[in-house]
Every structure is written in C-alpha cells, then in structure tokens.
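Student: here's my sequence, what's the structure:
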Amino acid sequence: MKLSELRPAKGAKTCRKRVGRGQGSGLGQTSGKGHKGLKARSGGGIRPGYEGGQMPMQRRLPKRGFKNIFREELSVVNVKDLNRFPADSVVDAEAFYSAGLVKRSSAGIKLLGEGNVDRKLIVKVDRASKAAIEKVQAAGGTVEA
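Tutor: Down below sits the predicted model:
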C-alpha cells in the first residue's frame, strides 16, 4: 500500500443534501419537510421545553421561595486572615485578590471578626462587623469601611 492509494472508508464522505432544486432531485416541492405543520414553516421548529401539548414541566412543578434580584454577593474575609499581610501595610481589595482570599466577581468585601490579628494594618473594605473593627483597632490598626 502506498500513500497515494489511501482512500476514505466507503460512506465516510457524502455530498451535502441540496433541497428545493426541483422534482427530479428527489427533494423538490416540500423539500423533505412533509405537508404543512410547525416543522414545515419557515423558521419553524419545536421550542425548548415544549412537550407536545402536555402541561410543561415548569408549569407542573410548584413554585417555591423568593429570589431577591437586588442581593449583593459579598466576599467574606475574617480578621484571622489579615495575619498574612506585613505590619503597617494597606490592605485593600487588590491585596485580598492577590493573596487569594477573594475573587474579582464579588460585589464587595466584608470583614468579619473570627480570630485575632496581631499586627497594625490599615484595612480598606466595603463593610465590616463591629467585632472586626474592634479587633483591628485593638491591634493598633484602622478599618476604612
């Protein structure tokens, strides 16, 4: 066998279906779409979720709960996480991101009071709990919320 003798397997290469090219083509007149109906129309087709007239799943299932469209997804950082930053440094959103504590997709950062901090820091966050502010100030730092 030579490279020039290689051929694709039989049936692997097929010509594309050319519809609507007259009666002699075998796919003229209705172009393989049958007669009338939803799937015969231009742009026609069954929409996602349609179950042939049966009551759709999204209408059969009961509605539950409430989705607040104004909810803000805040990233949470605890006071104990501040110990990884050097003393007397400014800790802001960029510092939290580079340390891997928050993701950029969050709406903001909230500082919570779990753990203790043992160094003086200037912390810039969107929100902070009272306990967190007290712990940072006890270590000699400040919180700008």
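Student: now do the helices in this structure.
Tutor: Read by DSSP state H, the chain holds these helices, from start to end of the chain: 57-60, 93-98, 130-138.
Student: okay, those helices in TSV with mean pLDDT, mean neighbour count and distance to Lys13 next?
Tutor: Every C-beta, even on glycine, is put in place using the N, C-alpha and C of the backbone. Putting these into TSV (pLDDT from 0 to 100; neighbours: other C-beta atoms under 10 Å; distance: least, C-beta to C-beta, whole Å) gives the following:
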stretch	mean pLDDT	mean neighbour count	distance to Lys13
helix 57-60	94	9	41
helix 93-98	93	16	52
helix 130-138	96	17	68
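Student: distance to Thr14 for those - can I get that in JSON lines?
Tutor: Putting the helices of the chain into JSON lines (distance: least, C-beta to C-beta, whole Å) gives the following:
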{"stretch": "helix 57-60", "distance to Thr14": "37"}
{"stretch": "helix 93-98", "distance to Thr14": "53"}
{"stretch": "helix 130-138", "distance to Thr14": "68"}
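Student: figure out which of those is closest to Glu114.
Tutor: Of all the helices of the chain, helix 130-138 sits nearest to Glu114, with 8.5 Å by C-beta to C-beta.
Student: what's that closest one in contact with?
Tutor: 78-79, 82, 111-113, 116-117, 121, 123, 142-143, 145 (C-beta atoms under 8 Å, 6 or more residues apart in numbering).
Student: got the contact list for stretch 90-99?
Tutor: 75, 77, 81-82, 84-85, 89, 102-104, 109, 121-125.
Student: start to end distance for that stretch?
Tutor: 13 Å (C-alpha to C-alpha, to the nearest Å).
Student: could I get the contacts of helix 130-138 as a markdown table with neighbour count, pLDDT and distance to Lys13?
Tutor: Converted to a markdown table, the contacts of helix 130-138 look like this (neighbours: other C-beta atoms under 10 Å; pLDDT from 0 to 100; distance: C-beta to C-beta, whole Å):
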| residue | neighbour count | pLDDT | distance to Lys13 |
| --- | --- | --- | --- |
| Asn78 | 18 | 96 | 63 |
| Val79 | 25 | 96 | 67 |
| Leu82 | 27 | 95 | 65 |
| Leu111 | 26 | 96 | 64 |
| Leu112 | 16 | 96 | 64 |
| Gly113 | 18 | 95 | 69 |
| Asn116 | 14 | 94 | 71 |
| Val117 | 23 | 94 | 69 |
| Leu121 | 23 | 95 | 68 |
| Val123 | 26 | 96 | 66 |
| Thr142 | 13 | 95 | 73 |
| Val143 | 20 | 95 | 69 |
| Ala145 | 14 | 84 | 67 |
